[in-house]
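A.B. asks: turn this into a structure:
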Amino acid sequence: MKEICIITNYFPPETGAASNRIFQLAEGLKSKGFETTVICPLPNYPTGKIFAEYKGKLRRLEDNNGINVCRLWIFASNSKNKLLRLLSMLSFSLSLIWFAIWNKIPKTVIVQSPPLLVAFTSMFFLKSKKRKLILNVSDLWPLAGLELGAFKKNLNYRILERIEKHNYQKAHLILGQSEEILCHIKKIYPEKELFLYRNYPNFKSPYLPEALTDEERKIKLVYAGLLGIAQGILKLCNNLDYSKIEFHIYGSGAEEDSIKSFIEANNHLPIFFHGSLSREKLHKELLDYDLTIIPLLNRIYGSVPSKIFEYAKLGLPMLYFGGGEGETIIEKNSLGWVVEPGNYSLLNDTINNIRLNVLTLDKRNNIQTKAEVIFDYERQLNELVKII
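C.D. replies: Reported below is the predicted structural model:
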C-alpha cells in the first residue's frame, strides 16, 4: 500500500471550506488504496483557542475512520495583531520540524498553502531526492493579501514573494484550485507540472423539495460560511434593500459580534442569525431557502469559493457578488446571477428583479444535474491519483 502524508493547518473537527476540502482529499486518497496520514495543529479554528477536549496536549494521535491524524502543538491565535498571527504560524512550523526529526515521513507529501510559512517549512525541511513534494495552492499569497489590503508593497511583502517562489520551486507537482492560480504559477515557473484540482464536494445530491412560489411572500436569501473581513457580511447587512427579501445568516468569524449587534440595533429589518451548524445539518437547512449569496468585498485573483460547487449539488440558485473566475463559472453553467463586487446599487436592482416564479423546482433540478455532470469529484480524484 502506497503511503501519503498531507500537511495542513486546518482539519476537522474544525469547520469551514479549508477543513472540509482537506478531509475530503484525505478520505478520497484512502478510498483509492493509500495509507493516508494527516499532520495538522491541535484544533483551534476559527476561535483562535484550542478546543476544550485538546487543551493541555502537546501532541495527539488519532485514527479518523482509517486516516492517521497527528495533531501537533500550536500557539493558537486569531488576533488581528500581525505579530501574534506570525507567532502562531511559526509555532506550528517548529512543531512540524520537531515531528519530522523524530518520525518517518512518507515519500509522497501533499503540502497545503497558504499559510506560506508552514508550506515553506515543509518544502524546506522535507526536500529529498527520494521524496515527492506536492504543493496544494488554494489561494495566491501574498497577492491575495495585497488585494485584501492586509499587505503593502514593502520589504515584508517582497520577503513573502520570495517564500512563495521558493515553495513553487521545490514542488514536484503543484495543484491549483483555479485556472488563475495555475496561470500565475506558470508565469513564474513555466516548466512545473500543474494540475487543476477544484474543490468539488463529495456527497450525494439530496432530494429537492417543491419550491414555494407564492408571489406575496419575500424571497428567502441566505448566506452560509465564514463571517470574515473578506466576505463583508456586515457591510452587506447595511446595504441590502429588504423590501422583497429576508436575509438569513449562518456561520462564525471575526464579524460575528458586529453582525449580532447590527441585527439587535435594527430589529425592524428581516435579518436572522442562526449561528454555526455542522455541514450535514446546514445542507438540510439550505434546502428551505430560495437563493444564496456568495459575496467578496473585493475581487481576489485566483479565488474561486468552494461554495459554488457545494451549492450547485444542493440545487441552490446563486447570486455571486465576488468577480473573477467564480463569476465565469456561474455564468457559463447558468447557476444564477452575477453582480460586480462593491456595486450595491446593482446588487439590489438584480435582487428586486428576481421573481419567485423563476426560482422553481425545475431550475433547481437543472442546477443539480449540471453539478453532477460537470463538477464530478470522483473523476477528478481518479485523474489526480494517476499523477501522484
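A.B. asks: just checking, what packs against the longest helix seen in the chain?
C.D. replies: Selection of the longest helix in the chain by residue count, based on DSSP state H, yields helix 82-102. Packing partners of helix 82-102 (3 or more C-beta pairs under 8 Å, 6 or more residues apart in numbering; DSSP states H and E): strand 35-41, strand 67-72, helix 116-125. For every residue, glycine as well, the C-beta is placed using N, CA and C.
A.B. asks: how far does the next helix or strand after the longest one sit from its chain's centre?
C.D. replies: Read it as helix 116-125. Downstream of helix 116-125, the next assigned helix or strand under DSSP states H and E is strand 132-137. Strand 132-137 sits 17 Å away from the centroid of its parent chain (C-alpha atoms, centre = their mean, to the nearest Å).
A.B. asks: tell me the buried residues in strand 132-137?
C.D. replies: Buried residues in strand 132-137, defined by neighbour count with 16 or more other C-beta atoms under 10 Å: 133, 134, 135, 136, 137.
A.B. asks: contacts for whichever helix or strand comes after that strand next, please.
C.D. replies: Sequence order places helix 143-148 as the next helix or strand after strand 132-137, per DSSP H and E. Residues from elsewhere that reach helix 143-148, judged by C-beta atoms under 8 Å, 6 or more residues apart in numbering: 151-153, 157, 160, 184, 229-230, 297-303.
A.B. asks: try 6 Å
C.D. replies: 151, 230, 298, 300 (C-beta atoms under 6 Å, 6 or more residues apart in numbering).
A.B. asks: residues touching the first one, list them.
C.D. replies: In other words, residue 151. By C-beta under 6 Å, 6+ apart, the neighbours of residue 151 are 142, 145, 157.
A.B. asks: quick one: what helix or strand has the nearest residue to residue 313 once chain neighbours are set aside in it?
C.D. replies: Nearest in space to residue 313, with sequence neighbours left out and distances taken as C-beta to C-beta, 6 or more residues apart in numbering, is residue 371 at 4.5 Å. Using DSSP H and E, residue 371 sits in helix 361-374.
A.B. asks: show me what that helix is packed up against.
C.D. replies: Helix 361-374 sits against helix 307-313, with contacts defined as 3 or more C-beta pairs under 6 Å, 6 or more residues apart in numbering; DSSP states H and E.
A.B. asks: what sits up against the helix it packs on?
C.D. replies: Residues from elsewhere that reach helix 307-313 (C-beta under 6 Å, 6+ apart): 200, 201, 205, 292, 294, 318, 326, 329, 335, 367, 371, 375.
A.B. asks: lowest pLDDT pick from the residues you listed?
C.D. replies: Across the contacts of helix 307-313, the smallest pLDDT goes to residue 205, namely 86.
A.B. asks: okay, and which of the contacts of helix 307-313 map to strands?
C.D. replies: Members of the contacts of helix 307-313 lying in strands (criterion: DSSP state E): 292, 294, 318.
A.B. asks: which one of the residues you listed sits closest to residue 44?
C.D. replies: residue 294 (26.1 Å; C-beta to C-beta).
A.B. asks: for that closest one, give its distance to residue 300.
C.D. replies: 12 Å (C-beta to C-beta, to the nearest Å).
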